[in-house]
Structures are given as C-alpha cells and as structure tokens.
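# pasting the sequence and the predicted model now:
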Amino acid sequence: MVAATYAVPAILVFVTSALLIVVGALGVISVKNPVHAAICLIMTLFGVAVAFVAQSADFLAAVQIIVYAGAIVVLFLFVIMFLGVDRNMHVSVEPLVGQRAFAGVGVVITIGGLITLMASSHWVTGATSVSGSALAPGNGNVKQLGTAVFTTYLFAFEATAALLIIAVVGAVLLARRERATTKEEARA
Amino acid sequence: MPHVATLILLLPLVGYLFVFVNGTGLKERTIGIVATGVVALSFVLSVVALVLLLHRSNREVTVHLFDWITVGTLHVPAALLVDPLSVTMCLFVTGISALIHLYSIGYMHGEKDFRKFFLYLNLFVFSMLILVLANNLLLTFVGWEGVGVCSYWLVSYYFTKDSAASAGKKAFLYNRVGDIGLLLAMFLIFGHAHTLTYLGVFNVAGTLSPTVATLTVLALLLAATGKSAQIPLFNWLPDAMEGPTPVSALIHAATMVTAGVYLLVRMSPVLTMSPDGRATIAIIGGATAFVAATIATAQKDIKKVLAFSTVSQIGYMVLAVGVGAYSAAIFLMVAHAFYKALLFLGAGSVIHSLNGEQDLRKMGGLAKYLPLTFPTFLVAWLSISGIPPFSGFFAKGDVLTKVFEHNKALWVFGVVTAILTAYYMTRLFVLTFRGTERFREVTKGHDPHESPWVMTLPLVVLAVLATLGGLLNLPWAHSSSLAGFLDPTFGFVPAVGSSSTVAQWGLALVDVVAAVLGLLAAFSIWRGVSASPRFESSFFEHVWHWDDFYDDVIGRPLTHAAQFSDDVIEPKVIDGAVTGLAVATRRSAEGLRKVQSGFVRQYALAMVLGFAVIIVYLVARVH
Amino acid sequence: MNVPAAWYLVLAAVLFGIGAFGLLTRRSALIMFMCVELMLNAVNLTFVTFSRTLSDISGQASVFFVMVVAAAEVTVGLGIVVAVFRRRASTSVDELNELKG
C-alpha cells in the first residue's frame, strides 16, 4: 500500500510559521503578566522552529525547541517565580516622555529601510561564503553541520565551550547570598 | 687717510670702553683725563684729515670698514665718507667736545655719578661722529639714534628728580616722532634710487620726479625738526635744560641739534630737485627763528633763555638751507657752536658760583666777582647779537644776504628776529652781570667765586674762536673761505653771491643797525629796574601756550583713550572674550549633561535612532 | 513552488523590529530579555534563510553558535537580574538611573 504522499504546500508552512511568530512576538511585547509573556515567547520559538524545518535546517529546529524553548524559557519562568513578580505590571503608563513615539518611529524607519535595501539589492547576491561548503542533498543535515562545526569552525566551538563554563561560574557567583553579612547579623 | 678716519671715529669708543670696563675703581682724575684725552686726540686727527684732504684733488674719500647689510638688492656698507662737509663737522664736533670734556671735569667734580657722566659723553661723541662720517643714510641713522639715546641719558642724569626724568622722556619721544621722517625718506630714496649711499643718491638725484623729491624733502624736514628742535617739534629743548650745563652746551647747542641741519645739507642734491620742499624748509626756519626769539625775551631762567636762543639760531640755519645757501648755513653752524657753547659754559660758571641758582631774578652785578667769566661772556654776547667784527656778525650777515636774494618777506622776518636776538641777549647780560646784586641770599652772604682753570680755560679758548671766527668765511675772499671749501660738495648749488657789492654793504649796515637797536632797547629797559625787575607777559613766557596745545590735542585724548581701554575694553572685551569662552563651555556642558539621564531605555532609543539615520543614508545613497 | 527567500527575510526583519520596539518600551528587565531573545531569533532565521539560498552550511553553523551564546547570555543576565532584585525588590530598569550626568 502506498501512502498518499501529501506534500504540504510550502506557502502554507510559511503562513503558519509567520502567524505563530508575529502573534507570539506581539504578545511578548504587550501582555501585562510576565508568565503570559513567556508563553507567547514559546509560541514564537515554535514558529521559528517550523521555519527552520521549512528551510531544511532540521538539526537546528530540534536544538531550537530543546535549548531555547525547553531550557531558556524554563529558566525565565524559574526566575519569574523565584522573584515573585508573576503578577500584572502597569503597562499603560510610560514615565519617559516621548519614548514610545520615538521608538515607534525609529523602529519603523529602521525596518523599512532594511527591507528597502534588501529589495534594491535583489535580496541575495548569490555569492557563497569563503569556506564554501555546499549543502548537498544526499548528505544529511546533521552530518553536514557536524562536519562544518568540528572541522572548519573547531576553534569557535572550543571557545563557546569555554564560554559556557564561564557563564555558569558567573551565574553562580552572581546569585550567591552574602554569607558573611548574614552571620554577623545573626550574632548581633 | 683711511686709518686717520677710522681712528677719529673709534677713539671716543675706546675711551668709553676703557672707563666702562674698569668699573668704579677709577679715580675722577683718571676718568677725566682719559675721556678728554681721546676726544682731544680725535680732534688732532681731524686736523690731520683736513690737511690730507686739502692736498687731494678728488675730495671725496670713501673708507670701507666692512659689509654690513646685503639682502637682495639692498647693499649697505659700514663705510665712512671723508669730504669737506664731514671733515668740517668732525673738526668742530671733536674740538668743542674736547673743550667741554675739560670743562666738565671741573663742573661735575664731586658728583657721585661722575663716571656715568663721562661714559655717556664719550658715547655721545662716538655716535655723533658716526652720524657725520657715515657714507650712507642707514649708518647715519644709527648715529642719529645713538645721539638721541645719549641725549636722553644725559638729560635725565639727575633722574631722581621727576622733572628731569620726564624731560628726558620728552626729548626722546619728540626725537622719535621726527625719526619717522628719516625712515620715510630712506624708504622713498631706496625705492627710487635703489641705493642708500650718499654718493649713489647724488648720482641719480637728477632723475627724481618733483613729487618724489618733494615728499623726500618733507620727510627729511620732519626728521630735522625733531632732532634740531624746529616747529612743530621744538618743545623738548627747553625742557632738556634739566640736564647738567655741559650737556646743554655740547648736545643742545653745538652738536646734536645741528644734526638736522647737517642731514638737510647732506641731501642737498635732492633738495635742489624740489622748490616746494625748499620753500617749506625756509618758512619753517624763519617762523621758528621768530617765534623762539619772542619766547626768549620773556624767560626767567638763564638756561631757558639760551635754549630758546638756540632754537632761534638753528631756525636761521634752516632758513638758510631753505633758500639754498648751504655753505652759509654751515658757517653759521660753526660760528654758533663757538659762541653758544661759550654762552652755556659761561652760564654754567655763573650757576656754579651761585651754588646752583639759575633764576635771573636772583643774579645781578656779578661782573666784578667773575673776572674771567665776565669778559668771555661779553664776547659771546656781542657775537650772537651780531656786532662786528665778531663771528656772529659775519655768519648771520651771510645768511641774511642770501635770504634777501631769494625772498624779501623772509628777510624782513630775519631782521626783526635779529633785533629781538640782540634785545634778549642784552637783557640776559644786564640782568646777570650788571646792575644791583640780588644774589646775597643765595650765596648766604659770601662773595661768589670764579671757577677753576679747567672751567675757565675752555671759556677763553672759545672766546678767541668766537672773536676770530669771522675770518673763516670772509665774503670777499671766496676761494680761501669755508664756502669755497664746501661749495663743490653741493654740486648743483646756484652761483655764489649774486648781489652786488653795494647791496652787500647796505645789508651789512642794516644788520648792524638792527643789532644796535636791540641792544640799546634792552639796556634802557633793564638797566634802570635792575633792583627789582618786573617780568613780562605770560603768552611769550608760556611758549605761546604751545605745550598746552599739544597736551589738549594729543596728550589728553590719548590718556582718555588709554583710560577707556583700561576701564572698558580690558575687562569687558578682552577678559570677556576669554572668560566668555570658559562660561560658554561650561554652560554648554551643563546643557549637554542632561542627555545622560540615567535611563538605559533612552540610551537604547538613541542607538536605534542613530541606526535609523544610517539606514536612511544608505537607502538614499543607493537610490 | 518554493517560497522565495525574500518573504522569510521580511518576516525576520519584522520580528526584529517588534523585538526592538519591545526592548525600548517595556520597563521590566525580564520582558526586555525576552525581547532580546526575539531579536536573536530573527537573526537566526535570516542566517538559515541565506544558508538555504546560497547552499552554504556556514549559515547554519553560525546559528549553532548564536544559540550557544544566547544561552550563556541568558544565564548570566538572569543572574544579574536576581542580584539586582535583592537590593531593590523591583525589576524595573528605570529605577537603575544613578549613573546620570
């Protein structure tokens, strides 16, 4: 029995991912409750993962879900709960005069300009990068990506590993309570 | 000859350096002997130079010392020009200087700055010799400035006195104004003749356009009025009487003040090209002679009378130059040097005997106490009044004859001035030496005493010269006279003595009558009231209010402007600009500080807006 | 029919803009962090798009590293937020304005 191969039209995938992304982003910037904002962020991240898959970046889509949605957002939620700020914030009032207006204008101009620039230079120049490893269809995404990371970009890989260790140490240090003060306070 | 000329110039400098280097260790006697000795030696060498020159057919000797300035087309050598004019000047400058040096040994005896006085005096003689011996305008200018500076030092010799210090300043400043004229003349001459040496200028003088020649002449005249104290720059000379009397005798009678006349006479070829220039010179000379004579009739101080007399006599010399009678001007200069120096030295002797008193109201009847000063002063008095056969009669007569030939109106002025000259000199003579004795309180009852031989010897020598000076230039012996000696130097000079002999005798008679008139008038007025003389109108005494005029027109406005600058411009404009810069910086910094609000979101917004600007620029560039 | 790369690029640009606007407008440090994540994701999307268009794996390698660094950054950043919160009991960045001129 041959299963009916049903190729989902690429455009449908695009629309889906676009909707997820945009709605999620708008939610992040406008909701009053931080927990709701985190949920919206997850929505956006999922949308981006879908877009990755549509662009044949399977491994990255997986990493996106696992690392971004699974670890980073969870970390966010932890901190929100830990600090106890999971109540509604005052979003309506803006103490800095003209901040919203200027921000809106600035962002619109920037994005509009970027898009215009890209359009006028035909979106893609067509030149490959210096390292020039081609995305051959037969190879499999994971293998290709792995080859690139562990050979061409090995140094960057090792550097990011070191970076992670440093980040961990830094986070531990930052979040520590100051033991000495509390001991003196306890004695007095 | 070159060695002689160089030595004449350098001997006074040697004297100066000797006294300077030896510090204060020398005795008065040594200083006096060395200083006087070098100048006397210079005089002897000047006589030698004269003899050498007379034996030459070409009487223009250039002694090149070294190349001084060579820049582009400007070549100025340090060189001396020995010709009849410069030798004549050297002779009487060194001669009279030597006599005055000798006199000063006695006059300045006991002064604590005795050494300083002789230092400056030697330096002065050196500068004056540079002035007369130089072969180009720039070197003359060096000497010109040198004598100006020495005059300043010597006039303010008693510098602790306010009046002396400001008199020195006044002399220097008035001279300086005149110097602008000399500089302008140098620029004009160099611009047209491309050389500053006298011989070079004389060669091309004929090609000067009348305008350029007139401008040059007027510039030279300005310089001369400054140095020789003519209108409008004469006010410094009476004030310069604050200096010691030998200084007045040497610098302000016989030598420095004649430098202006010398300059004009030296540049005679240029003067010849400018009739307007000469007319101006003549008018200035005549006017000065007259005005100064009127002022001298009203002065109370013995030295001030002589000072204005000097201004007046130099006016005569300038008048002579204006009508083209250059040799006559030089003759009067030489004769004037003799009797004016004698008058000043005699006055110095009088002042010395009266313990420093200079006011005529406190003199009188000194004839019997000063047996050597009195007769020599009498000779000088007769000479300057123009009584024959003394030198003044011949010299002034020469000038007046030449003036008569060119301009009758100026001649009348000249004769009137001669009457006034005789009048005020007789007044001076009577008030000082004749009549009742008014000086007892000054000498505290003692009798005045005659001066020592170092002071009276020069008086005697000068008296002899004043008497016999007329022989230098007898009108009927032209070829062996001073004029005959000097005339060839002046090249373009018109024919000598165009008046007939009858006219000359007639003019001489007029001169004598004028002199006697003045004399008698003075005698009759002053002999009788000598016990308690009244003094005259203040207009003449206050120098026709000339000083006040300068003060109102120039001095006061300048002081106001300076005060205004100090009160307003200095604090508000200049300080204001500097402080204002600081204040503006601070204010703008305070304003800009507010950009740093502390709110991170505003910083981020600034970054985004900046980025937006860049994007817009890039988009605009692509399209 | 393939979706042209242009559409994905525009989408990424829009996401970036929304993230920037949120960063400038929200006061809470945590929300601002989330907006930074949005912007990083927009960049990742752009990289991947170009990687596909140019058939070049370097784009995906870049995204790989961006994700690593983003993780490290969030870790340290939240640590700072916690440390600051201890002092002030508020996550509003407007309160941290003592470095004003």
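Sure, I can see it.
# number of residues surrounding A:Gly170?
By the measure other C-beta atoms under 10 Å in any protein chain shown, the count of residues near A:Gly170 is 15. Where you see a C-beta, it was placed from the backbone N, CA and C, and this is true even at glycine.
# excluding chain neighbours, what is closest to it?
Closest residue in space to A:Gly170, ignoring its immediate chain neighbours: C:Val76 at 4.9 Å, by C-beta to C-beta, 6 or more residues apart in numbering or on different chains.
# let me see the contact set for the one you found.
A:167, A:170-171, A:174 (C-beta atoms under 8 Å, 6 or more residues apart in numbering or on different chains).
# now C:Ala61
With contact taken as C-beta under 8 Å, 6+ apart, C:Ala61 is in contact with A:145, A:148-149, A:152-153.
# of the residues you listed, which belong to strands?
Among the contacts of C:Ala61, no member falls in strands (criterion: DSSP state E).
# just among the residues you listed, which is most surrounded?
Most neighbours among the contacts of C:Ala61, by other C-beta under 10 Å: A:Leu145, with 24 neighbours.
# who's in contact with that one?
By C-beta under 8 Å, 6+ apart, A:Leu145 lies in contact with A:59-60, C:57, C:60-61, C:64.
# measure it to chain B for me?
In this view, A:Leu145 and chain B are 32 Å apart by C-beta to the nearest C-beta, to the nearest Å.
# next one: C:Arg26
Using C-beta to the nearest C-beta, C:Arg26 is found at 9 Å from chain B.
# contact partners for that residue?
A:29, A:91, C:32, C:35.
# looking at it, B:Ile351 is touching B:Glu357, isn't it?
Yes - shown here, B:Ile351 and B:Glu357 form a contact pair, counting by C-beta atoms under 8 Å, at 6.6 Å.
# for B:His75, helix, strand, or coil?
Classification of B:His75 using DSSP: H, G, I helix; E, B strand; the rest coil returns strand.
# then the one 4 residues further on?
In terms of secondary structure, B:Ala79 is strand; the call rests on three-state DSSP.
# would you mind confirming that it makes contact with B:Glu60?
No - with contact defined as C-beta under 8 Å, B:Ala79 does not count as touching B:Glu60 (12.0 Å).
# quick one, strands of chain C?
Going by DSSP E, chain C shows no strands.
# what segments of it are helices?
For chain C, helices defined by DSSP state H occupy the ranges C:5-25, C:29-54, C:58-88.
# which helices and strands does the second one pack with?
Spelled out, it's helix C:29-54. Helices and strands touching helix C:29-54, as assessed by 3 or more C-beta pairs under 8 Å, 6 or more residues apart in numbering or on different chains; DSSP states H and E, comprise helix A:10-30, helix A:34-54, helix A:73-83, helix C:5-25, helix C:58-88.
# B:Lys161 is nearest to which of these?
Nearest to B:Lys161, of all those, is helix C:58-88, at 83.4 Å by C-beta to C-beta.
# host element of the closest residue to chain B within chain A?
Nearest residue of chain A to chain B: A:Gly113, at 3.3 Å (C-beta to the nearest C-beta). Counting by DSSP states H and E, the element that carries A:Gly113 is helix A:99-120.
# report the rounded mean pLDDT for that helix.
Averaged across helix A:99-120, the pLDDT comes to 89.
# just flag the most distant two among the contacts of C:Ala61.
The most widely separated members of these, counting by C-beta to C-beta, are A:Leu145 and A:Thr152 (10.9 Å).
# now for the chain, the helix or strand with the poorest mean pLDDT.
All of this is about chain A. None of the helices or strands of chain A scores lower by mean pLDDT, DSSP states H and E than helix A:179-187, at a mean of 54.
# hm, I was asking about chain B
The helix or strand of chain B with the poorest confidence is helix B:538-541; it has a mean of 70 (mean pLDDT, DSSP H and E).
# poorly predicted segments of chain C, please.
Counting by pLDDT under 70, chain C contains low-confidence ranges at C:1, C:101.
# and residue 54, how many neighbours?
Just going to use chain A. 22.
# my question was about chain C
Count around C:Leu54 with other C-beta under 10 Å applied: 20.
# from chain A, how far off is the residue nearest to B:Phe141 when sequence neighbours are not counted?
The spatially closest residue to B:Phe141, leaving aside those adjacent along the chain, is B:Leu182, at 5.9 Å (C-beta to C-beta, 6+ apart). Computed as C-beta to the nearest C-beta, the B:Leu182 to chain A distance reads 75 Å.
# now do the contacts for the closest residue to C:Gly77 other than its chain neighbours.
Closest residue to C:Gly77 apart from its sequence neighbours, by C-beta to C-beta, 6+ apart: C:Phe33 at 5.9 Å. Counting by C-beta under 8 Å, 6+ apart, C:Phe33 touches A:76, C:74, C:77-78, C:81.
# please apply the same query to A:Asn141.
Applying C-beta under 8 Å, 6+ apart to A:Asn141 gives the contacts A:56-59, C:60.
# ok, which of the residues you listed also contact chain B?
Subset of those in contact with chain B: empty, counting by C-beta under 8 Å from any C-beta of the partner chain.
# for residue 97, what are phi and psi?
Here I'm looking at chain A. Backbone torsions of A:Val97, given as degrees, to the nearest 10, read phi -70, psi 130.
# look at chain C instead
phi -120, psi 30.
# now it: closest residue in space, sequence neighbours ignored.
B:Gly598 (3.1 Å).
# that neighbour reaches C:Glu98, doesn't it?
Yes - using C-beta under 8 Å, B:Gly598 makes contact with C:Glu98 at a distance of 6.3 Å.
# out of the two, which sits in the busier spot?
B:Gly598 (14 against 6).
# do a quick rundown of the helices in the stretch 501-623 of chain B.
Applying DSSP state H, counting those that start in this stretch to the stretch 501-623 of chain B gives helices spanning B:501-528, B:538-541, B:546-550, B:556-564, B:575-593, B:600-622.
# can you list those helices in CSV and add distance to chain A and mean neighbour count?
As requested, the helices of the stretch 501-623 of chain B are exported to CSV (distance: least, C-beta to the nearest C-beta, whole Å; neighbours: other C-beta atoms under 10 Å in any protein chain shown):
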stretch, distance to chain A, mean neighbour count
helix B:501-528, 101, 16
helix B:538-541, 84, 13
helix B:546-550, 71, 14
helix B:556-564, 51, 11
helix B:575-593, 17, 10
helix B:600-622, 3, 15
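# need the residue closest to the centroid of chain B.
B:Val257 (2.5 Å; C-alpha atoms, centre = their mean).
# need the contact list for it.
Applying C-beta under 8 Å, 6+ apart to B:Val257 gives the contacts B:227-229, B:237, B:251, B:310, B:314.
# distance-wise, check it relative to chain C.
For B:Val257, the distance to chain C - C-beta to the nearest C-beta - is 74 Å.
# ok, for that residue, nearest residue in space, not its chain neighbours?
B:Ser228 (5.0 Å).
# ok, now B:Gly15?
Per C-beta to C-beta, 6+ apart, closest to B:Gly15 is B:Val38, 3.6 Å.
# show me where the stretch 1-150 of chain B has its helices.
Using DSSP H, counting those that start in this stretch, helices in the stretch 1-150 of chain B cover B:2-21, B:28-54, B:84-107, B:114-133, B:137-155.
# make that the stretch 351-500 of chain B, sorry
Counting by DSSP H, counting those that start in this stretch, the stretch 351-500 of chain B has helices at residues B:373-385, B:391-406, B:408-433, B:453-468, B:482-486.
# right, so of the ones you listed, which gets closest to A:Val35?
Evaluated over the helices of the stretch 351-500 of chain B, closeness to A:Val35 peaks at helix B:408-433, with 120.5 Å, by C-beta to C-beta.
# let me know the angle separating the closest one from helix B:391-406.
160 degrees (axes from the mean of the first three to the mean of the last three C-alpha atoms, to 10 degrees).
# in helix B:408-433, what's buried?
B:410-411, B:413-433 (16 or more other C-beta atoms under 10 Å in any protein chain shown).
# just stretch B:374-392 next, same as before
Neighbour counts using 16+ other C-beta under 10 Å place B:374, B:376-377, B:379-388, B:390-392 of stretch B:374-392 among the buried residues.
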